[in-house]
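Novice: Pasting the sequence and the predicted model now:
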Amino acid sequence: MTTPPAVEADGMCPSCSAPLSADPRFVIWCPSCSWNLDPSAGTGAVTTAPRRRAERRREARRRADGATVEQVFRDLANPSRPPAVRDGSWFAAMAVAGSVHLVTAAFTVGSIGLLTTGNLLMVPVAAIGLGIAFVTRPRLGRLDPDGSPLSRSEAPHLYALADRVAAELGAPPAELIEVTPGFGMSHTRVGLRRHVVLTIGLALWEVLTPEERVAALAHEFGHAVNGDPRRALWFHSAVEALTHWNRAGAPGPVEQSGAGLVFLIMDWVAKLVMRGVHHLTELLLRRLLRLTLAAGHRAEYHADEMAARVASSAATGSMLRALVLGDSVETVFRRRSAVRQGTRSGRAPSRDQADASLWQELREYVASIPEVERLRRLRLSARRMSSVDRAHPPTYLRVQLIGARPPAEAALTLDPAETAAIEEELTPARTQAARVVMMS
Ligand SMILES: [Zn+2]
Ligand SMILES: [Zn+2]
């Protein structure tokens, strides 16, 4: 275990003597030489041999992925080398996804074949086969259970803005907008008819300026037209099916049972099979992620460029820089949840007041985060290669690429009345989302 370095009393960096950051609410670090940039680095040392081996394997994978991530960035930052849209990895990924669908098809056809033989002994086998086919079926996506769906009549201005952004990019409009308490936005397609669902995470929406919100919306609608192979139904549904199998096969708690020997053997065999399924699907998922890493990242950068075209490079850049503030949102949520627990009885503010003020408190807290702390988080994103999720490139590289492109003006502008109307429409969803936060 390494202990975090001690902070010098004189406020000067022990490494280069430059002034340190000064806000005691955040990590004290040196913006000149990055001393104490990541105080958690090196903590939690791995001690046992199998864990050390697993960590080494993870590190090797991280390095291989890191090399691809940086190569994609370099290729895009140098526009004289246009990257191939569909390369060998793309075809390999589609073939692996196809083999997942083939397993489902084989179980379905095989089981129906067994049923048509008329042999009664084959009925249980066919039933098991059909059961497996059902579980491995392609998944078509679903709505977020924490989300509140908003209809067009409930939020006409919000839908109108989303429609304008989508039209600017030539993307299909959102058929449903749902609001969640989370820190992020997403664009998904659900059901057989692939309905477009736009999800707005209020924690992100609330800390963005109106222009940055347009940039975030444009990035999301950009997903519909950026040629991301991971979003194609063929590929996406295979990944969802594999993820389902992977979770189903995950080792559960060991249970002691007084049942007979036969039961114990059957239980042991079943667990062995499920463990095999877990490891195989883990391997396949990792492979699919690796094969589509470069193409997926290119598509995400493309969506950022579309956002810059719609909302301006400046708004897109500052929206991306806000993405490193997720931890601060967690801090406010935890604090409010703890206060709520402590003031359940007594002179606590009314429930509606408390719900409404959560977002105000979040906005104020985020606005109070000094520039030097924002810079630290961005540099941390560079050091850890961290991104908003596994699908997106590291946030600092996204910021860099937008900065490297010629600055674009906003194609779509908002008037203050429109912004105010949208704010008003979101009031019930804001109260609802605050309740979900408080209850968690
Ligand atoms: Zn220093
Ligand atoms: Zn994206």
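Specialist: Looks like it came in fine. Ligands and ions are numbered 1, 2, ... in the order given.
Novice: Which residues of the stretch 201-350 of the chain lie near ligand 1?
Specialist: Neighbours of ligand 1 within the stretch 201-350 of the chain, by CB under 5 Å from the ion: none found. For the C-beta atoms, the positions are set from N, CA and C on the backbone; glycine is no exception.
Novice: Return the backbone torsion pair for the residue of the stretch 201-350 of the chain found nearest ligand 1.
Specialist: Of all residues in the stretch 201-350 of the chain, residue 324 sits closest to ligand 1, at 21.0 Å by CB to the ion. Phi and psi for residue 324, reported as degrees, to the nearest 10, are phi -80, psi 0.
Novice: For it, which non-adjacent residue is spatially closest?
Specialist: Among residues not flanking residue 324 along the chain, residue 377 sits closest, at 3.9 Å (CB to CB, 6 or more residues apart in numbering).
Novice: next one: residue 399
Specialist: Nearest residue to residue 399 in three dimensions, chain neighbours excluded: residue 320, at 4.9 Å (CB to CB, 6+ apart).
Novice: quick one: contacts for the one you found?
Specialist: If you count contacts by CB atoms under 8 Å, 6 or more residues apart in numbering, residue 320 has them with 304, 395, 398, 399, 402.
Novice: Helix or strand for it, just tell me which one.
Specialist: Taking DSSP states H and E as the definition, one finds residue 320 inside helix 313-322.
Novice: how big is the angle separating whichever helix or strand residue 295 is part of from helix 313-322?
Specialist: Per DSSP H and E, residue 295 falls inside helix 293-311. Going by axes from the mean of the first three to the mean of the last three CA atoms, to 10 degrees, helix 293-311 is angled at 130 degrees with respect to helix 313-322.
Novice: Residue 326 contacts residue 183, correct?
Specialist: Yes: between residue 326 and residue 183 a contact is recorded at 4.8 Å, counting by CB atoms under 8 Å.
Novice: Among those two, which residue is more densely surrounded?
Specialist: Each of residue 326 and residue 183 has its neighbours counted (other CB atoms under 10 Å); residue 183 has more, 23 against 17.
Novice: rewinding a little: with neighbour count as extra columns, can I get the contacts of residue 320 in CSV?
Specialist: Converted to CSV, the contacts of residue 320 look like this (neighbours: other CB atoms under 10 Å):
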residue, neighbour count
304, 26
395, 23
398, 28
399, 22
402, 24
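Novice: and which of these is nearest to residue 197?
Specialist: residue 304 (21.2 Å; CB to CB).
Novice: so how far is residue 211 from the closest one?
Specialist: Between residue 304 and residue 211 the computed distance is 15 Å (CB to CB, to the nearest Å).
Novice: Name all residues that make contact with the closest residue to residue 362 other than its chain neighbours.
Specialist: Spatially, and ignoring its direct neighbours in sequence, residue 362 is nearest to residue 332 (4.9 Å; CB to CB, 6+ apart). When contacts are counted by CB under 8 Å, 6+ apart, residue 332 touches 358, 361, 362, 365.
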